[in-house]
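Enquirer: here is the input, now give the coordinates:
(chains A, B and C)
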Amino acid sequence: MQPLATLLEAALFAASRPLTLEDLASLDPGAGELAVRAAIDEIRSMYGEEHGVELVEIAGGWQFLTRREYAETIDRAQFALRPRRLSPAALETLAIIAYRQPVGRLEVDEIRGVDSGAVIDKLLERGLIEVVTRGEGLGRPLLYGTTPSFLEILGLKDLEDLPRLEELSVALRRPAPVDEPE
Amino acid sequence: MQPLATLLEAALFAASRPLTLEDLASLDPGAGELAVRAAIDEIRSMYGEEHGVELVEIAGGWQFLTRREYAETIDRAQFALRPRRLSPAALETLAIIAYRQPVGRLEVDEIRGVDSGAVIDKLLERGLIEVVTRGEGLGRPLLYGTTPSFLEILGLKDLEDLPRLEELSVALRRPAPVDEPE
Amino acid sequence: MTGPPILRDPGNSGFVVELEKFSGPLDLLLHLIREDEVDITDLPIAKIADQFLSVIQDLGLNQAADYLEMAARLLRIKAQMLLPRRLGDDEWEDPRAELVRRLLEYQQIRELVDWLGHAADVRAERFGRGYEAPPPDAPPAPLQIDLNDLLAAAERVIALIPEPMLHRVVPRPLDVEGATARITALLAEREQVAWSDMVGPAATIVDVLSTFIALLELAKRSALTLSQPEPFGPMVITRATPRDAA
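Expert: Below you'll find the model as predicted:
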C-alpha cells in the first residue's frame, strides 16, 4: 500500500465514526483530495472478498465494517463469549442467602460487614434469587431466597443437595448451639 | 486466507478488546485450538509493515491495534479517544497490587505511607483491579488483584511481562515475615 | 515522572516544592535524600528530619496527618540516635532500620511506577478499534457457578458471622390470625369441638397462646360459646347458631 493509504487505514480503524473525505484529507495536509480518493480506492480493493472486513461508504464517509456473512456469527459469539463467573462478593451473598433463606438485606449486610444492596440487585436481575416474602418488624423488609435456576446452574436437585454447614471444613465449623431451639 | 482466518479477522476487527484463544475458538466450534492458532499466525503475517494496523498479543489474547508511527497523526486529528493517563498515586497503588497480589488495603497503605482507600476505589471502578478473595485475620479484609484490563492498558501479554524485582536497581526482596515492631 | 520539579525561588533562600507532586511523605523523603545525595542506608537523620520539617512547614502541610506522622517518626528516631550506647553492644538496634527498610521498599515501588508509566505511554500510542457496533439483543451470558466456589464463599462468610448471631433465638410472634382461621374451619365442619382438637399433641406454647387468644376473641364476638361441663374437665367449644350470632 501507498504510505497515505496505510495512514488512512489506521485512522479509519481507530475512528469511532465514519470519516469524511475532509476528515481524511486533514490527516495529511500535503496530499490533495485526488490522492486521498486514490488511497481510499486502494484500501477498498485491498480489502476484497477474501477478507473478513470491508471499507464501506456510509453516512457521507467511510468506515470499516465486518462483512455481512460474518456478522451473525460474531454477534452470536459476543454473548457466547466467556460464560460469566460471579464475583467473590456475589458468591458470598449468594451463599448467605442459600443457607439463611428467607433472609433480609440487613442480615446479609451484617454478616458481610459491607453494604450488599448492589450485589443483591445483580443477583435478582440474574434470576438467582427472588423475593420470597416479607419479614416482620419495621418496614416489613423484603426477604430473599434462591430460585430454581440457582439449583439448575449448580446442578442440584434441591436445596437439600447443598452440603450441610457441618460438613464444611472443620476449622470454620459453626459452633454447635447448646440445646437451643432455633 | 483460509475461511477460518477470514472469520477470525472479522471478529478481531470488530472487537474493541483483546480476544482470547477461547473466545476465538468459540466462533467455530468445529475448529480445534491448533487450527485457531494457525489462523492467528496467518493473520499476523498478513498484517505486515505495509498495513496501518497489526495484530498484537496482549492481555492474554489478541487485538488489532494501529501501528505506533501513526499515533501522533491520529491523535492530532482527534478521531479517536486516547486513553486517560493514570496519576502517580494510581500507578503506585497498581504497582503494589500487581506485585503483591492478593493484597489488602492495609498493606498498600503501609507501603505507600498514605491512605489509599480513594485510589483503590477508583481503580476498582475503572476495572483495573478487583477483589479476588478475603484475607485471614481480623475482619477478614478484602484482598485485591489486577484484572485483564490492567494488562491491556499497559500493553502486556501477561503478568510475567512485568519486570522482575531482581531486575530493578534496588535489590529488595519481599521482607521475610519476621516479627518486626511496626 | 522520576522527580517532581523544584521551583527555585530567587527571592527566597529555601525552595518551593509543589506538594501535589508528591504522593506522600515517603515520596518527599526520597526526594530530599536524592537532593542531598546521601546514602539511604546510612541516613543522616538529623539533617533529613530538619529539612522535612521545614518543607512541610513552608507548605502549610502540618495539617496533613500522613506528613505529620512522618515528622513525628523522624524526630523520634533523631532522639533515639542521640541516646548513649555502650561500646560493643551487640544488642543495639539501629533506630533507623525500619524507616530505611520502608524507604528502600518505596523506592522500588517508584521504579516500578516509572516502568508502568512508560509501558502505559507506549500502549497509548496504539489505538484499538474505535467504532463499537451496538450489542445485539441477546440473552445475557450464561452464568457459571462452581459449587466449590459457592462453598468457599460460604466458609468465608461463616467465619464472618458475629458471635451473638449464632445463638440468636428468633421469637416467633403469636399467630392469632392463623388460629382464628383454624378454629373457624373446624367449627364449619362440626358444631362442637374439644380443646384438644384445636391444638395438636405437639403444640408449642406459642400455638397454645395463639389458639387461646383466638378463642376468647371469637367468644367475645359471639361466634362461639365456651363451656366447661365439670370442674377441671376439658373445655367444650360450641359453634354459635346464626341467630345467636346476630
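Enquirer: mind checking the SS state of A:Trp62?
Expert: Under DSSP: H, G, I helix; E, B strand; the rest coil, A:Trp62 falls in the strand class.
Enquirer: go on, A:Tyr144?
Expert: Applying three-state DSSP: A:Tyr144 is strand.
Enquirer: wouldn't it be in contact with A:Val131 here?
Expert: Yes. Using Cβ atoms under 8 Å, A:Tyr144 is in contact with A:Val131, at 6.1 Å. For every residue, glycine as well, the C-beta is placed using N, CA and C.
Enquirer: what do those two both touch?
Expert: A:Leu124 (Cβ atoms under 8 Å, 6 or more residues apart in numbering or on different chains).
Enquirer: more neighbours, the two?
Expert: A side-by-side neighbour count of A:Tyr144 and A:Val131, using other Cβ atoms under 10 Å in any protein chain shown, places A:Tyr144 first with 27 against 11.
Enquirer: could you give the bridge partners of that one?
Expert: Applying DSSP bridges to A:Tyr144 gives these bridge partners: A:Val103, A:Val131.
Enquirer: quick check: it vs A:Thr93, distance?
Expert: 9 Å (Cβ to Cβ, to the nearest Å).
Enquirer: so what sits against both of the two?
Expert: A:Ile120.
Enquirer: next secondary structure element downstream of the helix or strand of chain A with the lowest mean pLDDT?
Expert: Lowest on mean pLDDT, DSSP states H and E among the helices and strands of chain A sits strand A:84-85, with a mean of 70. Where DSSP states H and E defines the elements, the next helix or strand beyond strand A:84-85 is helix A:88-100.
Enquirer: scan chain C for its longest helix.
Expert: Once chain C is assigned using DSSP state H, the helix that runs over the most residues is helix C:97-123.
Enquirer: ok, A:Gly61 to B:Ala14 distance?
Expert: From A:Gly61 to B:Ala14 the distance is 18 Å (Cβ to Cβ).
Enquirer: comparing those two, which shows the higher neighbour count?
Expert: More crowded of A:Gly61 and B:Ala14, by other Cβ under 10 Å: B:Ala14, with 24 against 17.
Enquirer: correct me, but that one touches A:Thr66?
Expert: Yes. Using Cβ under 8 Å, B:Ala14 is in contact with A:Thr66, at 4.9 Å.
Enquirer: which residues in chain A form helices?
Expert: Secondary structure of chain A (DSSP H): helices at A:3-14, A:21-27, A:33-46, A:68-80, A:88-100, A:105-112, A:117-125, A:148-154.
Enquirer: out of those, which gets the lowest mean score?
Expert: Note on the helices of chain A: lowest mean pLDDT is at helix A:68-80, with a mean of 76.
Enquirer: what packs against that helix?
Expert: Packing contacts for helix A:68-80, counted by 3 or more Cβ pairs under 8 Å, 6 or more residues apart in numbering or on different chains; DSSP states H and E, involve helix B:3-14.
Enquirer: low-confidence ranges in chain C?
Expert: Counting by pLDDT under 70, the ranges of chain C that qualify are C:1-21, C:61-63, C:86-90, C:133-143, C:159-173, C:242-246.
Enquirer: now with 90, please.
Expert: C:1-25, C:35-43, C:54-69, C:71, C:79-96, C:104-105, C:107-115, C:120-246 (pLDDT under 90).
Enquirer: ranges for the helices of it?
Expert: Going by DSSP H, chain C shows helices at C:25-36, C:45-58, C:65-82, C:97-123, C:147-160, C:163-166, C:176-189, C:195-198, C:205-220, C:242-245.
Enquirer: with distance to chain A and mean neighbour count added, can I get the ones you listed in TSV?
Expert: Formatted as TSV, the helices of chain C follow (distance: least, Cβ to the nearest Cβ, whole Å; neighbours: other Cβ atoms under 10 Å in any protein chain shown):
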stretch	distance to chain A	mean neighbour count
helix C:25-36	29	20
helix C:45-58	35	17
helix C:65-82	25	16
helix C:97-123	14	18
helix C:147-160	4	18
helix C:163-166	6	10
helix C:176-189	13	15
helix C:195-198	23	15
helix C:205-220	11	16
helix C:242-245	32	9
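Enquirer: between the ones you listed, which one is nearest to B:Glu107?
Expert: Of all the helices of chain C, helix C:97-123 sits nearest to B:Glu107, with 11.0 Å by Cβ to Cβ.
Enquirer: show me what that closest one is packed against.
Expert: For helix C:97-123, the packing partners by 3+ Cβ pairs under 8 Å, 6+ apart are helix B:88-100, helix B:105-112, helix B:148-154, helix C:25-36, helix C:65-82.
Enquirer: quick one, the longest one and helix C:45-58 angle?
Expert: What that stands for is helix C:65-82. 150 degrees (axes from the mean of the first three to the mean of the last three Cα atoms, to 10 degrees).
Enquirer: so what does helix C:65-82 touch, helix or strand wise?
Expert: helix C:25-36, helix C:45-58, helix C:97-123.
Enquirer: near chain B, which residues of chain A are found?
Expert: Proximity of chain A to chain B (Cβ under 8 Å from any Cβ of the partner chain) is limited to residues A:1, A:6-11, A:13-17, A:19, A:23, A:26-28, A:50-53, A:64, A:66-67, A:70, A:73-74, A:77, A:80-82, A:87-89, A:113.
Enquirer: try chain C
Expert: Close to chain B, as judged by Cβ under 8 Å from any Cβ, chain C has residues C:1, C:23-27, C:66, C:70, C:98, C:101-102, C:104-113, C:115-117, C:119-120, C:122-130, C:132-133, C:156, C:159-160.
Enquirer: how about 7 Å then?
Expert: Taking Cβ under 7 Å from any Cβ of the partner chain as the contact definition, chain C meets chain B at C:1, C:23-26, C:66, C:70, C:98, C:101, C:104-109, C:111-113, C:115-117, C:119-120, C:122-130, C:132-133, C:156, C:159-160.
Enquirer: show me how chain A divides into domains.
Expert: Residue ranges for each domain of chain A read A:3-77, A:88-172, as given by automatic domain parsing.
Enquirer: and these as CSV, adding distance to C:Leu53?
Expert: Converted to CSV, those look like this (distance: least, Cβ to Cβ, whole Å):
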stretch, distance to C:Leu53
domain A:3-77, 51
domain A:88-172, 39
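Enquirer: picking that back up, wait, which of the helices of chain C is closest to A:Arg140?
Expert: For A:Arg140, the closest of the helices of chain C is helix C:176-189, at 15.1 Å, according to Cβ to Cβ.
Enquirer: which outside residues touch that closest one?
Expert: With contact meaning Cβ atoms under 7 Å, 6 or more residues apart in numbering or on different chains, helix C:176-189 is reached by C:193, C:197-198, C:210-211, C:213-215, C:217-218, C:224, C:239.
Enquirer: chain B: which of the residues you listed is nearest?
Expert: C:Ser210 (41.6 Å; Cβ to the nearest Cβ).
Enquirer: show me the contacts for the closest one.
Expert: Under the criterion of Cβ under 7 Å, 6+ apart, the neighbours of C:Ser210 are C:174-176, C:178-179.
Enquirer: give me that answer again for 6 Å
Expert: C:174-176, C:179 (Cβ atoms under 6 Å, 6 or more residues apart in numbering or on different chains).
Enquirer: repeat that for A:Pro88.
Expert: Contacts of A:Pro88 by Cβ under 6 Å, 6+ apart are B:Val131.
Enquirer: if we can go back for a sec, among the helices of chain A, which is nearest B:Glu152?
Expert: helix A:3-14 (15.7 Å).
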